[in-house]
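> task: produce atomic coordinates for the following.
(one chain, ligands or ions: 1)
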Amino acid sequence: MTKRRTKIQLTLTDLIDATSFCPLCLSKTKRDPIFTIQQNPLIQWLFCNECKAYSASMMPTEQFLESYYRDYYNESQTKVTVGRPDGLSRHIAQLLPENLKPTLTLLDFGGGDGTLAKVLVKRLRQIYPKTNFEITLVDFNQEKSEENNFFTFRSETRLTAVKNQEFDIILASAIIEHVPEAHQLIQELFDLLAKEGTLYVRTPFVSPLKKLFRRYPLKYPMHVHDIGPSFWNRVAERYSYPLDILVSQPSMVASGFSGKEWLRSCVAHTLKFPAHLENRFRAHPRDYFWNMMGGWEILFRKRK
Ligand SMILES: [Zn+2]
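Numbering: from 1, shown residues only. As a prediction, this is how the structure comes out:
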């Protein structure tokens, strides 16, 4: 989500205390406050030494988030949550391993209006012209069902609506950072993954940047977590599934080089470059010396 909003003050009725355990790993070990997001009621940005993720000390309630996102979508001209769905879909298509099943099921979790999934499937059809694709979108707003030469498309508003199904490809692009109960969400996404299925995740990771540039926005309450390589490279160990990590790297730069985006894109590429170098010369370490990459992406595959 790229749209800027003015900073809002949350009241106690909008908030749930989230200090008793880490919402990403459930550890009850005391977490260190790194930044203060808001005074009165106090909201802090906490670092978990167990799972290496950052999360807010107070989580917005479900009611608050529902009305917040309803307003957000009403104000936006488009529900797409990705700056350049075409570029991102090309990127994801290149990362995905070969899968020759006659029908591939794809779950787009939190994908706005499902544009990323639809564009991705059109690309995958070029690689697998005989494959049938079935897209399921899960997002706050219900979208119209659709059937064409490329795919069938349906939408649900809750993940529980698809809980007895399995998916060959799951997209969770820039969404986990929005969900307060993220440990449970990650469990549910692994549950929904078919054997040999792949889960693509992309999350922002800006806390190290904010330590240096105090005005760097955390985007709370839209973002309630901040998750980088040290979290993602360990996450599979906390769940009972046999998972392989196929890709773990700085996330793709979402902006292009046209007009005003030029400078932003140059800065983003520059910040990610040292981490790409580390990936190459340190053979994909769990923890990086350079953590200013701004975002991370990882591709899991469930073993047979
Ligand atoms: Zn944790």
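
> so residue 245, which of the three states?
Classification of residue 245 using DSSP: H, G, I helix; E, B strand; the rest coil returns strand.

> that one is in contact with residue 234, isn't it?
No - with contact defined as CB atoms under 8 Å, residue 245 does not reach residue 234; the gap is 10.3 Å. Every C-beta, even on glycine, is put in place using the N, C-alpha and C of the backbone.

> just the CA atoms of the helix or strand containing residue 91, as CSV, please.
In this assignment (DSSP states H and E), residue 91 forms part of helix 85-95. Output in CSV follows, covering the C-alpha atoms of helix 85-95 (Å, rounded to 0.1, in the frame of the first residue of the first chain):
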residue,chain,number,x,y,z
PRO,A,85,1.8,-5.5,-10.5
ASP,A,86,3.3,-6.3,-14.0
GLY,A,87,6.9,-6.0,-12.8
LEU,A,88,6.2,-7.9,-9.6
SER,A,89,4.4,-10.7,-11.4
ARG,A,90,7.3,-11.1,-13.9
HIS,A,91,9.7,-11.2,-11.0
ILE,A,92,7.6,-13.9,-9.1
ALA,A,93,7.1,-16.0,-12.3
GLN,A,94,10.9,-16.2,-12.6
LEU,A,95,11.3,-17.3,-9.0
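
> run the chain-centre distance for that helix.
15 Å (CA atoms, centre = their mean, to the nearest Å).

> show me which residues of that helix are buried.
The neighbour-count check on helix 85-95 (16 or more other CB atoms under 10 Å) flags 85, 87-89, 91-93 as buried.

> what residues does it touch?
Here helix 85-95 makes contact (CB atoms under 8 Å, 6 or more residues apart in numbering) with 82, 115-116, 119-120, 122-124, 127, 171, 173, 200, 246-247, 252, 254, 256, 299.

> switch to 10 Å and redo it
78, 82, 84, 111-124, 126-127, 169, 171, 173-174, 198, 200, 202, 246-247, 249, 251-256, 297-299 (CB atoms under 10 Å, 6 or more residues apart in numbering).

> one more: stretch 265-282?
With contact meaning CB under 10 Å, 6+ apart, stretch 265-282 is reached by 205, 208-209, 228-229, 247-258, 261, 284-285, 287-296.

> ok, now with 8 Å
With CB under 8 Å, 6+ apart as the contact definition, stretch 265-282 has outside contacts at 209, 229, 248-251, 253, 255-257, 285, 288-294.

> not counting sequence-adjacent ones, nearest residue to the residue of the stretch 201-304 of the chain found nearest the ion?
With CB to the ion, the shortest gap between the stretch 201-304 of the chain and the ion falls at residue 231, namely 7.9 Å. Among residues not flanking residue 231 along the chain, residue 53 sits closest, at 4.3 Å (CB to CB, 6 or more residues apart in numbering).

> no further queries at this time; thank you.
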